[in-house]
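A.B. asks: Quick one: sequence and predicted model below, then my questions.
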Amino acid sequence: MTHYKALMMLPGTPGDESKIKAYVKEQISKFPQYTIIEDHLGSIFAFKKGTGNLKVMVAGHMDEVGFIITNITENGFLKIQPLGGVDPSILLGLSLNIHTEKRIFTGYIGAIPPHLRKKQSFGYENIMVDVGAKNKLEITEMGIQLGDFATFIPYYKELTKDRIIAKSVDNRFGVALAMKMIRKLDKIDLP
């Protein structure tokens, strides 16, 4: 489970999978039978030539659902929009990592209380992320900008011998499985 935990603890919103990509490339480079190929979209491939025409692909995607900072309110809250499918009703009370150029900040998700909402429906327009700033100027001084990414706080817990709970399981499990296949097929001649 070594790679599984390492991969699930790394951040990687759509368009910013650089940390996962670096980890995977480092691991694949340990197997000289493979050629690492990168495309213009940021995908990486481990290619191993076989002796015949048969082709097999094992794939996994590196990104995870996350958020992008879309607004900074005058009273120092961040507004977010999802990158991927995230139901806003599950977010209240959760913490996020806000990734800036220089560092990572922790933000806590709150919302406009129901009695102060213009509409009673609940969506991203009601969500606010609190990073402890008093106003917009403090947010700017912290280095948080529009377009910065936010991810769920990483966690990984083994519930039983063969059951885990973690962030980005659906995404990173496939990547870890592909890496396991690379290791298993390294010394095998492929048809």
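C.D. replies: Right, received. Where do you want to start? Numbering: from 1, shown residues only.
A.B. asks: I'd like the distance from the helix of greatest length in the chain to the chain centre, please.
C.D. replies: Identified as the longest helix of the chain according to DSSP state H is helix 169-185. Put simply, helix 169-185 sits 16 Å off its chain's centre (Cα atoms, centre = their mean, to the nearest Å).
A.B. asks: Pull out the buried residues from it.
C.D. replies: By neighbour count on 16 or more other Cβ atoms under 10 Å, the buried set for helix 169-185 is 169, 171-176, 178-179, 182, 185. For every residue, glycine as well, the C-beta is placed using N, CA and C.
A.B. asks: Lowest-confidence one in those residues?
C.D. replies: pLDDT across the buried residues of helix 169-185 is lowest for Asn171, at 80.
A.B. asks: Could you pull up the contacting residues of that one?
C.D. replies: Shown in contact with Asn171 (Cβ atoms under 8 Å, 6 or more residues apart in numbering): 12, 60-64.
A.B. asks: From Leu10, how far out is it?
C.D. replies: Distance check for Asn171 against Leu10: by Cβ to Cβ, to the nearest Å, it reads 11 Å.
A.B. asks: same check, this time on Tyr156
C.D. replies: Taking Cβ to Cβ, one finds Tyr156 at 11 Å from Leu10.
A.B. asks: ditto for Asp87
C.D. replies: 24 Å.
A.B. asks: ok, the two, which is more surrounded?
C.D. replies: Higher neighbour count among Asp87 and Leu10: Leu10, with 21 against 9, using other Cβ atoms under 10 Å.
A.B. asks: for this structure, what spans make up the helices?
C.D. replies: Using DSSP H, helices in the chain cover 2-9, 18-28, 136-142, 169-185.
A.B. asks: gap between the first one and the chain center?
C.D. replies: The chain centroid and the centroid of helix 2-9 are separated by 12 Å, computed with Cα atoms, centre = their mean.
A.B. asks: Show residues contacting that helix.
C.D. replies: With Cβ under 8 Å, 6+ apart, helix 2-9 has contacts from 20, 23-24, 27, 154, 156, 164, 166-169, 172-173, 175-176, 179-180.
A.B. asks: Please name whichever of the helices of the chain is nearest to Phe149.
C.D. replies: helix 18-28 (11.2 Å; Cβ to Cβ).
A.B. asks: for that closest one, packing partners?
C.D. replies: Under the contact criterion of 3 or more Cβ pairs under 8 Å, 6 or more residues apart in numbering; DSSP states H and E, helix 18-28 touches helix 2-9, strand 44-47, helix 169-185.
A.B. asks: Could you list the buried residues of the shortest one?
C.D. replies: When you say that, I think you mean strand 44-47. 44, 46.
A.B. asks: Direction included, what does it pair up with?
C.D. replies: strand 35-38 (antiparallel) (DSSP bridges).
A.B. asks: what's the partner strand in contact with?
C.D. replies: Contacts for strand 35-38 (Cβ under 8 Å, 6+ apart): 25, 28-29, 44-48.
A.B. asks: what separates it from the chain centre, distance-wise?
C.D. replies: Distance of strand 35-38 from the chain centroid (Cα atoms, centre = their mean) equals 22 Å.
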